[in-house]
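J.: Coordinates for the following, if possible.
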Amino acid sequence: MRYPKRLPPHLSGTSFAVAEGLEAGLTGKQLLGRSVRVPSRGVRGPAGAELNLAARGRALSWVTPGSVVSHSTAARLWGFPLPAWLGNDPAVHITRPGTLHAPRRREVIGHSALLHPDETTVHDGVRL
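T.: Below you'll find the predicted structure:
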């Protein structure tokens, strides 16, 4: 079996979960190689690429089933007006379902809450 030498096009401009990379034909070694960076456990992104907020939050919202990007991060992705101190926050807010502990990851502010299915949606590939 031949493995891709570069990231597949659909993964080259965004963050992605390790499982997505494996499904795309990347090996475990490639997922730790020079073509990717590791912004957080279970998450990979293209090396050298500056990822926008949606790309950074995308994989984080899919790593744990039921998790969503929330709070001011979700508001920014929806384009809601926010005060400057919230609009420039570099952290990504992630909320896990109430049965799980709040996530603890680099560049993530974790929350835990009861999430009803009709309160969540997917916008630009990001679960909000």
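
J.: isn't Ala75 right next to His93, touching?
T.: No - checked against Cβ atoms under 8 Å, the pair Ala75 and His93 is beyond contact range at 9.4 Å. Just so you know, the C-beta spots here come from the backbone N, C-alpha and C atoms, and that holds for glycine as well.

J.: So those two - more neighbours on which side?
T.: A direct count of neighbours by other Cβ atoms under 10 Å for Ala75 and His93 places His93 higher, at 21 against 17.

J.: wait, is the more buried one part of a strand?
T.: Yes - applying DSSP: H, G, I helix; E, B strand; the rest coil, one finds His93 inside a strand.

J.: ok, it to His116 distance?
T.: Distance, His93 to His116, by Cβ to Cβ, to the nearest Å: 18 Å.

J.: cool, and Leu51?
T.: Taken as Cβ to Cβ, the span from Leu51 to His116 is 30 Å.

J.: In terms of neighbours, single out the busier of these two.
T.: Shown here are Leu51 and His116; by other Cβ under 10 Å, Leu51 has more neighbours (17 against 8).

J.: And that one, how far from Gly33?
T.: Using Cβ to Cβ, we find Leu51 at a distance of 18 Å from Gly33.

J.: what does Leu7 give?
T.: In terms of Cβ to Cβ, Leu7 sits 10 Å off from Gly33.

J.: Local confidence estimate at Arg2?
T.: Per-residue confidence (pLDDT) for Arg2: 59.

J.: Cheers, nothing more for now.
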